[in-house]
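J.: got a sequence here, can you model it:
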Amino acid sequence: MSRINTNIAALTATRHLQRNYGDLSLRLERLSTGLRINHGRDDPAGLIVSERLRLDIRAVHQAIENSERASNVILTTEGALNEANALLLDLQALVVEAANKGALTDEEISANQLQVDSILASIDRIANTTSFGSKKLLDGTDSYLLSTIPTSALASIQLFSARIPKGASRNVTVRVTQSAQTGRVSFVGNNPGGVSTTSASTIELRGNLGTEILSFASGTTLSEIQAAINNSRDVTGVSAVLSSPASAGAASALVLNSLTFGSDAFVSVTPITGDFIQAGTANQSLRGVGVDVGVLIDGQAAQGSGLHANVRSAGLDTRISLTSDFAQTLSATSFTITGGGTFYQLGPEVSPNGQVHLGFASVHTTDLGNSVVGRLNTLRSGGGNDLSSGNLLNAQEIMAAAIDQVSAYRGRLGNLQRNTIETNIRSQGITLENLTASESVIRDADMAEELAALSRAQVLVQSTQSTLQIANTVPNLVLSLLQ
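T.: Next up, the predicted model:
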């Protein structure tokens with residue numbers, strides 16, 4: 001080559017040197033950032049996929065944080081309910097103590113009433129002050145708003161969760177498909193009109209509350225037997241009614257019923273001696289068991305227990321207590337959810353499927369209890385069920401209803417935390433791990449591979465620089481022609 005105006009070898013070496021420098025810079029950048037993709041030009045398709053994965057990763061990470069915060073709210077609520085429950089148990093003890101009237105003076109009962117008032121005030125204080133940050137939890141602020149409640153059919157409604165169409169209300173239908181029944185045993189009189197026992201007899205009468213031994217002389221009328229059984233109803237939990245003959249000359253019937261409804265309610269009559277009302281009943285034990293109410297709530301089969309119906313689904317979680325009259329009729333009623341409640345965003349996508357709806361009910365003493373047995377605040381001094389009123393049996397029924405409400409509330413919250421929130425945190429954690437691994441494969445640099453490529457680029461840059469230096473000396477060889 002004897003041309004000197006254009007050094008093709010130098011141009012070739014310069015082109016390769018620029019390319020090797022670019023490769024060296026790329027390796028240095030990747031090793032400095034730890035990323036394989038630093039610019040769109042590095043991998044356009046990979047950048048698009050990795051950015052979508054980053055979006056999912058950020059959403060899942062926030063869903064986990066949301067779940068952890070929701071768990072903290074529920075733990076705060078459940079802790080307050082635990083204290084309220086402990087106070088209710090103390091209140092129960094005071095009611096039982098007040099029933100020991102023969103061993104207490106009026107001054108002691110008055111002193112116990114002061115404790116009752118203090119406990120009720122503490123429960124109201126818990127309802128008013130329990131909060132997470134500035135958000136009230138148990139004062140009813142986030143409870144569901146209900147309207148058109150038929151109190152003659154529905155004694156109480158505990159609504160824990162409900163999906164309500166945005167900007168609209170929701171109508172909930174309650175339909176009785178199986179009549180609730182008490183435990184029942186029926187005896188027919190032994191002669192027209194059924195007015196007397198067959199012979200002298202002694203029976204063991206058992207019910208949910210206890211057992212009583214009753215003895216009847218020969219010729220005891222059914223109305224006298226009815227009165228004797230009803231006189232011990234508070235001991236046995238069994239009442240008696242006398243049905244009229246269906247037609248002239250027919251026998252009357254004595255019907256024994258449990259005081260409560262459902263499969264746990266029963267009546268048992270065991271003859272000890274003689275026949276009881278009907279001839280041939282000696283040594284013949286009779287037992288009647290009640291039937292739980294069957295209910296459809298919004299078309300969903302509810303779990304019936306006595307007069308209570310529970311339904312748990314993603315769209316509706318409620319516990320409804322029916323009145324005895326409504327529970328014994330195959331009919332329907334409804335109420336309306338007009339709003340209220342709150343929800344937690346537990347999923348990475350803002351949609352109903354990723355949300356858990358929850359209503360924080362009020363635990364004020366005016367709300368605990370129900371319209372049938374009464375409210376807890378009636379145990380205050382001067383109330384209809386205070387310790388000096390003599391209505392201690394009713395007071396205990398109110399206490400049982402209140403404890404049942406708080407316990408059901410705590411159970412629902414515990415179920416939500418354990419089976420929904422904690423499982424969601426674990427499942428989202430697995431999702432986060434897999435998404436991050438997928439994004440890392442696309443975006444992160446393989447340090448070993450990049451170090452190997454860096455070494456190669458360094459060698460190539462050095463060799464190309466040497467080659468360029470040689471190429472630049474080639475034109476000097478032309479000078480040898482001039483000598």
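
J.: count the residues that sit near A361.
T.: By other Cβ atoms under 10 Å, 24 other residues sit near A361. Just so you know, the C-beta spots here come from the backbone N, C-alpha and C atoms, and that holds for glycine as well.

J.: now it. Nearest residue, chain neighbours left out?
T.: S143 (4.9 Å; Cβ to Cβ, 6 or more residues apart in numbering).

J.: isn't the one you found up against G341?
T.: Yes - taking Cβ atoms under 8 Å as the definition, S143 is a contact partner of G341 at 7.2 Å.

J.: where does this structure dip in pLDDT?
T.: 1-4, 189-198, 244-251, 278-284, 478-479, 481-483 (pLDDT under 70).

J.: phi, psi of the residue nearest to the spatial centre of it?
T.: Among the residues of the chain, the one closest to the centroid is R412, at 2.8 Å (Cα atoms, centre = their mean). R412 adopts backbone torsions of phi -60, psi -40, taken as degrees, to the nearest 10.

J.: quick one: residues contacting it.
T.: Listed by Cβ atoms under 8 Å, 6 or more residues apart in numbering, the contact set of R412 reads 160-161, 317.

J.: residues of stretch 429-444 that come out buried?
T.: 431-432, 435-436, 439, 442-444 (16 or more other Cβ atoms under 10 Å).

J.: in strands, which of these fall?
T.: Assignment to strands by DSSP state E places none of those there.

J.: tabulate the residues you listed (CSV), appending distance to V238.
T.: Putting those into CSV (distance: Cβ to Cβ, whole Å) gives the following:
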residue, distance to V238
T431, 58
L432, 61
L435, 64
T436, 67
E439, 70
I442, 75
R443, 76
D444, 76
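
J.: please flag which of those sit within helices.
T.: Counted as lying in helices by DSSP state H, out of those, are 431-432, 435-436, 439, 442-443.

J.: what residues are shared contacts of S143 and G341?
T.: Taking Cβ under 8 Å, 6+ apart as the criterion, S143 and G341 both touch 159, 359.

J.: tell me where the stretch 301-450 of the chain has helices.
T.: 324-327, 392-416, 422-443, 447-473 (DSSP state H, counting those that start in this stretch).

J.: for the ones you listed, which one sits closest to G237?
T.: With Cβ to Cβ as the measure, helix 392-416 is the member of the helices of the stretch 301-450 of the chain nearest G237 (12.0 Å).

J.: how about that closest one: buried residues?
T.: Residues 392, 394-399, 401-406, 408-410, 412-413, 416 are the ones in helix 392-416 that count as buried (16+ other Cβ under 10 Å).

J.: now do stretch 316-327
T.: 316-323, 326-327.

J.: kindly report the same for stretch 206-214.
T.: Neighbour-count burial for stretch 206-214 flags 206-209, 212, 214 (criterion: 16+ other Cβ under 10 Å).

J.: what do you get for stretch 344-362?
T.: Buried residues in stretch 344-362, counted by 16+ other Cβ under 10 Å: 344-348, 354-362.

J.: could those go into JSON lines alongside distance to A471?
T.: What follows is the buried residues of stretch 344-362, written out as JSON lines (distance: Cβ to Cβ, whole Å):
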{"residue": "Y344", "distance to A471": "71"}
{"residue": "Q345", "distance to A471": "66"}
{"residue": "L346", "distance to A471": "67"}
{"residue": "G347", "distance to A471": "64"}
{"residue": "P348", "distance to A471": "59"}
{"residue": "G354", "distance to A471": "65"}
{"residue": "Q355", "distance to A471": "70"}
{"residue": "V356", "distance to A471": "73"}
{"residue": "H357", "distance to A471": "76"}
{"residue": "L358", "distance to A471": "78"}
{"residue": "G359", "distance to A471": "83"}
{"residue": "F360", "distance to A471": "82"}
{"residue": "A361", "distance to A471": "87"}
{"residue": "S362", "distance to A471": "90"}
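
J.: pick the one among those residues closest to A168.
T.: Closest approach to A168 among those (Cβ to Cβ): H357, at 14.5 Å.

J.: quick one: the strands in the stretch 51-200 of the chain?
T.: 131-132, 135-136, 144-147, 154-162, 170-178, 182-188 (DSSP state E, counting those that start in this stretch).

J.: so how far is F276 from T270?
T.: Going from T270 to F276 by Cβ to Cβ, to the nearest Å gives 9 Å.

J.: again but with V289, I slipped
T.: Remark: distance between V289 and F276 (Cβ to Cβ) = 19 Å.

J.: which of these two has more residues huddled nearby?
T.: F276 (25 against 16).

J.: surely that one touches V269?
T.: Yes - using Cβ under 8 Å, F276 is in contact with V269, at 6.8 Å.

J.: ok, for G262, nearest residue in space, not its chain neighbours?
T.: Spatial nearest neighbour of G262, excluding adjacent residues (Cβ to Cβ, 6+ apart): G306 at 3.2 Å.

J.: residues touching that neighbour, list them.
T.: Applying Cβ under 8 Å, 6+ apart to G306 gives the contacts 180, 260-265, 290, 292-293.

J.: look up phi and psi at it.
T.: Torsion angles at G306 (phi, psi; degrees, to the nearest 10) stand at phi 70, psi -120.

J.: could you do T273 as well?
T.: According to degrees, to the nearest 10, T273 has phi -140, psi 150.

J.: phi, psi of the nearest residue to it once chain neighbours are set aside?
T.: Once flanking residues are discounted, T273 sits nearest to T202: 4.6 Å by Cβ to Cβ, 6+ apart. When read as degrees, to the nearest 10, the backbone of T202 gives phi -130, psi 130.

J.: show me the helices in the stretch 151-300 of the chain, by range?
T.: Per DSSP H, counting those that start in this stretch, the stretch 151-300 of the chain carries helices over the ranges 222-231, 233-236.

J.: how near is N171 to V293?
T.: To V293, N171 is 21 Å away according to Cβ to Cβ.

J.: ok, the two, which is more surrounded?
T.: Between N171 and V293, counted using other Cβ under 10 Å, the more crowded position is V293 (26 against 10).

J.: so the more buried one is in contact with A327, correct?
T.: Yes - V293 is in contact with A327 according to Cβ under 8 Å; the separation is 4.6 Å.

J.: between the strands of the stretch 51-200 of the chain, which gets nearest to D367?
T.: Between D367 and the strands of the stretch 51-200 of the chain, the shortest gap by Cβ to Cβ is with strand 154-162, which sits at 9.6 Å.

J.: in its sheet, what does the closest one sit against?
T.: Strand 154-162 sits in its sheet next to strand 316-322 (antiparallel), going by DSSP bridges.

J.: how distant is the strand it pairs with from the center of its chain?
T.: 12 Å (Cα atoms, centre = their mean, to the nearest Å).

J.: can you show me the strands along the stretch 201-350 of the chain?
T.: Using DSSP E, counting those that start in this stretch, the strands of the stretch 201-350 of the chain run over 201-206, 211-216, 238-243, 253-261, 266-273, 286-289, 294-297, 300-301, 303-305, 308-312, 316-322, 332-340, 342-345.

J.: okay, those in JSON lines with distance to R69 next?
T.: Formatted as JSON lines, those follow (distance: least, Cβ to Cβ, whole Å):
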{"stretch": "strand 201-206", "distance to R69": "53"}
{"stretch": "strand 211-216", "distance to R69": "54"}
{"stretch": "strand 238-243", "distance to R69": "53"}
{"stretch": "strand 253-261", "distance to R69": "42"}
{"stretch": "strand 266-273", "distance to R69": "48"}
{"stretch": "strand 286-289", "distance to R69": "48"}
{"stretch": "strand 294-297", "distance to R69": "31"}
{"stretch": "strand 300-301", "distance to R69": "31"}
{"stretch": "strand 303-305", "distance to R69": "32"}
{"stretch": "strand 308-312", "distance to R69": "24"}
{"stretch": "strand 316-322", "distance to R69": "21"}
{"stretch": "strand 332-340", "distance to R69": "21"}
{"stretch": "strand 342-345", "distance to R69": "8"}
